[in-house]
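# Output the structure for:
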Amino acid sequence: MKIYAGNLTPETTETQLSAAFAAHGAVERSHIATEKETGTSKGFGFVEMLNDSEAQTAITALDGSQLNGQTIKVNEARQKPKEAAGN
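Next up is the predicted model:
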């Protein structure tokens, strides 16, 4: 399951993000979105967990929790909306 993690501090690393989720189950990978030009964090990222039950547990446990002194938002990632044809 792909999970969205938002409101991350600029200092949060992919390793720290993985570690927070790994406390609740097996993490396949994590990624923090960055600006193309500067490489700075956009303040959100994604974590992929292999087991849906563990992923749900992580979402419940981590949503509203503190990571690096910041309250984070965690939920199941939604598909990016596709552009309407002809726009």
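# pretty sure residue 5 contacts residue 17?
Yes. Applying CB atoms under 8 Å, one finds residue 5 in contact with residue 17, separated by 6.2 Å. Bear in mind the C-beta positions are built from the backbone N, C-alpha and C, glycine included.
# which stretches of the protein aren't confidently modelled?
Within the chain, the stretches with pLDDT under 70 are 83-87.
# what does the longest helix anywhere in the chain contact?
For the chain, the helix with the greatest residue count under DSSP state H is helix 52-62. Residues from elsewhere that reach helix 52-62 (CB atoms under 8 Å, 6 or more residues apart in numbering): 1, 3, 5, 20-21, 23-26, 47, 49, 72, 74-76.
# picking up where we left off before, which one of residue 5 and residue 17 is surrounded by more residues?
More crowded of residue 5 and residue 17, by other CB atoms under 10 Å: residue 5, with 27 against 24.
# how much space between that one and residue 20?
Look at residue 5 and residue 20: by CB to CB, to the nearest Å, they are 8 Å apart.
# same deal with residue 79?
Residue 79 is 24 Å from residue 20, where distance means CB to CB.
# Noted, bye for now.
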